[in-house]
Every structure is written in structure tokens, then in C-alpha cells.
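Asker: Sequence plus predicted model, see below.
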2 protein chains.
Amino acid sequence: MVNLVIAAVTGIDTVNTPFGGVCEALGGAAVYSSLAASIFTRTGLVSVVGEDFPEDHITFLNSKGIDTKGIETKPGKTFRWKAHYDYDMNQAHTDETELGVLAGFNPNVPEEYKKAEYLFLANNDPRIQRKVLDEVKPKFSALDTMNYWISNDRESLVDIIKDVDLILVNDAEARQLMGTHNLVKAAKQIISLGPQAVVVKKGEHGALLFTDSKHFACAAYPLEDVQDPTGAGDSFAGGMMGYIASQDEASEATLRKAVVYGSCVASYDAECFSIEKIKDLTRAEVDARFNEFNSITQF
Amino acid sequence: MVNLVIAAVTGIDTVNTPFGGVCEALGGAAVYSSLAASIFTRTGLVSVVGEDFPEDHITFLNSKGIDTKGIETKPGKTFRWKAHYDYDMNQAHTDETELGVLAGFNPNVPEEYKKAEYLFLANNDPRIQRKVLDEVKPKFSALDTMNYWISNDRESLVDIIKDVDLILVNDAEARQLMGTHNLVKAAKQIISLGPQAVVVKKGEHGALLFTDSKHFACAAYPLEDVQDPTGAGDSFAGGMMGYIASQDEASEATLRKAVVYGSCVASYDAECFSIEKIKDLTRAEVDARFNEFNSITQF
């Protein structure tokens, strides 16, 4: 039984960093977040690929216990993303985006997924996010978004933010969304719209969790070797939602642990290119880093 | 008896931020770091001012229990700094610097200070830092520096780094100093030169403490109102060294607590203009925020 549904983009990535690169690799938020989430709970994907999408990739996802009934194959090409990183690895520079089958996609949620109680809506058109939210009707939902939607369809975005439980944004997006420079104020204003919690992702600087009256500051795991941060934000979100779904509750204590688990998975992701590291990541490895987080933040 | 000696610049600051400004205000690393340190321990200053320096400022520092015997008055003008901040309050933009009596200054350390066991060498010419270090011969010393000295006198800087116990740098300076983009590697390389520990200050993103085999990640206190970050780095260093001196030891546990205490004082500093907040800051207020740090970082 699928416990967590993730609606997200599946893509083919070509990425270069100062330390190397990958060409035409399996990628997209769907892949990173579901690999991360599946460490914790049974996860199903709502996504779309083109006829060029290698069947091997589906077989691979299934071998990781990820349900792919919700991945539709449409005539045309799979979404492609070409990007590079400079030494400031906090910032991806997009060189080319090919929408392919993403253009005009209207997702169908498999009947079985509608029984899932947890939903992660990765970055997408807020009207598509709304459709999936209304069909799944989960107990607890999380939403990620990007500057593009804040600039181009703030109205639809705010409309869905009101109805989800957890918002994931980076610091610039939080500021842009609420029109205030101060992160704490921006987070409080987002919460005043409806959500129970806001997580502000700060990349190599960690993450902040804001709830009604409290906040939690999670430092990042200091990495000696960052090879490729692609998917770090998505594996953070997937790990976080996977953990919450596995606990079947979203108390303050669970949300804090979920932020740390998300940070653990994201830190592993950034250590290797593409999905190299997280594709075989075990719960034991994640727990080991969770314990290390404990020791590096105690005073 | 002076327990901690701070050798640093005393200045007159004119600072504007998007939220207001101050004109010809008492400032400089000497003032911020000694105000912070004096919350924890008896502190004496080695510094220089011009004949234009208001006697009231000396009276004020003495009223805070700060020993000013080591502040020399020289013919000429006090050091002046004019700067502004934009909405990215992590970055000060210097508009004007007037060296005044700083030019050619050669500090004299009062005999009494030579009995002090703790020394903080704030940012300055490494040759001046060396002279003070050799005269005080402390049990435990900390050194701050800046990109200017890394670019212009790396040799003298590395020479003194070998002989101090704790290095305080920001992330860009750590990278520049060791010529590596990765912070963890840069910190390890600094430690291999001789110091027991390196603190990487990341402003609103917190601080990292590196020791021989361990690291400690300290998140920043999330501030709802940042008015003026001037002096935050110096009050961090002063608070950190003041706490270490008050404990009279520098174990890993003490260094971690000292980083948190430094962060507490720095967070108070940034909440108001100039020295407005930290000039009357009490140990009770600092302890209250220390406890809050505890609660916002537990998971």
C-alpha cells in the first residue's frame, strides 16, 4: 500500500560541476525525492515521461520499492535539464530546459494512491498541484515551489498554500513570496495563511523550521567533498516527508527529527554525482549520520 | 586584575542601514569585543585613539569595568569608518576609511596586562599582532584577521597563526587563506599549521567550530529584527573569548559553549544600532538566550 504520494517532474539531466559531470542521467524531483522517501516508507509517484524514457529506469525505481503506476508515458520527449555549477555550489546555473511531455500535462492519480495519507507536491504549476491535492485528499501534505511560480502565478500559489500543511522554500523564495527581507517575518506570514509549518532550506547553511510559536534551527552537515548538489533540495524534502509518513504523525518533535533526516539524506546526495549515492542509501547509513548530527550540534 | 587582553582598533563609526543610521558613534573592534567580553571576565584594551577622542567614551568604558590603561592617546585624529548596508545585511559596504593615528601605531602593552592569561588579537597588521602576542605571552590566544592581510602579508599572517590557539575567520577568508573552496578542508589545513581550533563565522548562518578531529555546527539565532550588524563579528569573538577566560580552560566542551555564548551576544548586537544593545547587556539576558539556543536546536 502506497503511504506517501509524490507528484513531481521526472527528467533526464546533463549536469557539469567543477569536479566532473553526468550526461543524460536519470533525474528530476520525482526521482530524488522518491529515492529519499522510500528509505522510510512505501512511496508512489505521479509523473510523466516521454516515449524515449528508458524502460530500465522504471525497472530500477521499482527495484527500490517505488510504485510507478502513476508515471504516465506520453507521446513526445521526456523533460530535459542541462545545467552547471561553479565553485559556489549553492547555485545551479540552468543552460537549457526542454519541457517535452511536461507541456500541457494533466496528471491522473491512480485510484490506489487516493488512499494514501501523505502527499508531497514537488515544484510544479500550482494548478496541477491543486488538482493532485484535491484528488488525493491526504491527512498531511507538503508543497515545494519556485521563484517562477511566485512571479507568474502568485494567486494560484497562495490559494494552494492555504490548504497544505507544510511549505518548503529556500530563503530567497520565502522573502519573495511575502515581500519582506526578514526570514523570520516571512515564515510567520506564510504560517498565517494556513500551513502548520514552514521549512526554509538554506543549502550548505542548513534549514530552519517554523511552526506557530516555535522555531528550530538545523545546521547543515559539514561536507568535506561536495561533488554535485543536484537533487539535494528534493532528497531533503523526500527524506523529510518519508520520515513523517513513517511516523504517521506530524508533531513538533517529529517535524524536527524529519528536518534532520532530510538533511542527512541531502548531505549524502551532494557527496556524489547524480543519484549515485542515494540510489543505494540504507536506513542504517542515514541513522548513522543522524546520530552524528546529534554529536556535532550538542553543546 | 585583567584576565583577558584585547588588542584592537578603537574607532568612530558612521553607519547607515535600510532601517536608519548613526553618525560619529563610538565603535571599532576594541569597543564591541571588550563590551562583549566584559560580560564574562575582567578585560583590558590595547588600542590607540587621537586627541579628538571624547574623554566621555573612556569614562563609559571604565564604567563597564573595562580597563583602558592600554589605550594610548596620540597626536592626530581617531580612526574613522564610514559604511552602509543594503538589504543583504550580511555584507558591509565601506564608503570611507580614515586611518588617523592608526598609521604607524606601535602598541605598548602595560606591565599589568602581561600577567593576563588570555589574549584576543582582533583584526590588525599581523606584525602588530605578533608584537602584542610576544609581550603578553598568554596561556590561550585567539586571532581574527581579514582578506586584506591574506592578500597583502600572508607570510606574516601564517607566521603568527602557527603560534595562536584559536583562529576566527569568516567563510570567504578561510577559503582564501588556504586556497581551497571547501570550508572543511580549509579549516583542517589551518589546524595543521598549529592552532587548536578554528571558528568559521557565517553571520546570519551561524558558525562552525573545527578542532583536531571534531566539528561543531552552531546555527544562528533567527532574528526577527536586524537593525545593524556592525560589530556582530567582534562581539561574537569578545563573547567567545570572555567566556573561555571565565572558565580558565579551553576544552572541546568549553569551546562549544563559548561559540554559543558568542552567537548570543552577537545576535543581541545586531538587533540595535551601534553599541545601543550590548552596552547594557547583562549576563542574565545572555544566559536566557543561551537557554533559548538550547531549545531551538534540540531534536
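Answerer: Arrived safely, thanks for sending. Numbers count the residues shown, from 1 in each chain, chains lettered A, B, ... in the order given.

Asker: For the closest residue to A:Lys114 other than its chain neighbours, give me its contacts.
Answerer: Among residues not flanking A:Lys114 along the chain, A:Val136 sits closest, at 5.8 Å (C-beta to C-beta, 6 or more residues apart in numbering or on different chains). (Glycine included, C-beta is placed from N, CA and C.) Remark: with contacts taken as C-beta atoms under 8 Å, 6 or more residues apart in numbering or on different chains, A:Val136 is in contact with A:Val5, A:Val109, A:Tyr113, A:Lys114, A:Ala116, A:Leu119.

Asker: And for A:Asn124?
Answerer: So, once contact is read as C-beta under 8 Å, 6+ apart, A:Asn124 ends up touching A:Ala7, A:Ala8, A:Val9.

Asker: Please list the residues of chain A that sit near chain B.
Answerer: Counting by C-beta under 8 Å from any C-beta of the partner chain, the positions of chain A adjacent to chain B are A:18, A:87, A:181-185, A:202, A:205-206, A:208, A:214-226, A:253, A:256-257, A:259-260, A:294, A:296-299.

Asker: For ChimeraX, what selects the buried ones among those residues?
Answerer: Typed into ChimeraX, the next command selects the buried ones out of these (criterion: 16 or more other C-beta atoms under 10 Å in any protein chain shown):
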select /A:182,183,184,185,202,205,206,208,215,216,217,218,219,220,221,222,223,226,256,257,259,260,296,297,299
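
Asker: Could you give me the buried positions within stretch A:70-88?
Answerer: Quick answer for stretch A:70-88 (16+ other C-beta under 10 Å): A:70-72, A:74, A:76-83, A:85.

Asker: Off-centre distance for that stretch?
Answerer: The offset between the C-alpha centroid of stretch A:70-88 and the centroid of the whole chain comes to 15 Å, using C-alpha atoms, centre = their mean, to the nearest Å.

Asker: Can you give me the end-to-end span of it?
Answerer: Here the two ends of stretch A:70-88 are set 36 Å apart, with distance taken as C-alpha to C-alpha, to the nearest Å.

Asker: from what I can see A:Asp153 touches A:Ile128, true?
Answerer: No: the pair A:Asp153 / A:Ile128 is not scored as a contact, 11.0 Å apart, by C-beta atoms under 8 Å.

Asker: the more surrounded of the two?
Answerer: Using other C-beta atoms under 10 Å in any protein chain shown as the criterion, A:Asp153 and A:Ile128 rank with A:Ile128 on top: 18 against 15.

Asker: In contact with the more buried one: list those residues for me.
Answerer: Listed by C-beta under 8 Å, 6+ apart, the contact partners of A:Ile128 are A:Ala7, A:Phe105, A:Asn106, A:Pro107.

Asker: Next step: the contacts of A:Val136 restricted to strands.
Answerer: A:Val5, A:Leu119 (DSSP state E).

Asker: which one of the contacts of A:Val136 is nearest A:Asp280?
Answerer: Checking these against A:Asp280 by C-beta to C-beta gives A:Val5 as the nearest, at 23.6 Å.

Asker: count of residues packed around the closest one?
Answerer: One way to gauge burial is a neighbour count; for A:Val5, by other C-beta under 10 Å, it gives 33.

Asker: For it, give its distance to chain B.
Answerer: Distance from A:Val5 to chain B, counting by C-beta to the nearest C-beta, to the nearest Å: 26 Å.

Asker: among the buried residues of stretch A:70-88, which are in helices?
Answerer: Using DSSP state H, no member of the buried residues of stretch A:70-88 sits in helices.

Asker: any chance of those in TSV, with pLDDT and distance to A:Arg175 too?
Answerer: Compiled in TSV, the buried residues of stretch A:70-88 are given as follows (pLDDT from 0 to 100; distance: C-beta to C-beta, whole Å):
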residue	pLDDT	distance to A:Arg175
A:Gly70	98	33
A:Ile71	98	34
A:Glu72	98	36
A:Lys74	97	36
A:Gly76	97	36
A:Lys77	98	35
A:Thr78	98	33
A:Phe79	97	28
A:Arg80	97	30
A:Trp81	96	25
A:Lys82	96	28
A:Ala83	96	23
A:Tyr85	92	23
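
Asker: would you list those residues in TSV and tack on distance to A:Ile275?
Answerer: Output for these, formatted as TSV (distance: C-beta to C-beta, whole Å):
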residue	distance to A:Ile275
A:Gly70	19
A:Ile71	16
A:Glu72	21
A:Lys74	23
A:Gly76	24
A:Lys77	21
A:Thr78	16
A:Phe79	16
A:Arg80	16
A:Trp81	14
A:Lys82	17
A:Ala83	15
A:Tyr85	16
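
Asker: Return the member of those residues nearest to chain B.
Answerer: For chain B, the closest of those turns out to be A:Tyr85, at 11.2 Å, with distances computed as C-beta to the nearest C-beta.

Asker: Just list the residues touching the closest one, thanks.
Answerer: Contacts were defined as C-beta under 8 Å, 6+ apart; by that measure A:Tyr85 touches A:Val15, A:Asn16, A:Thr17, A:Pro18, A:Gln91, A:Ala92, A:His93, A:Asp228, A:Pro229.
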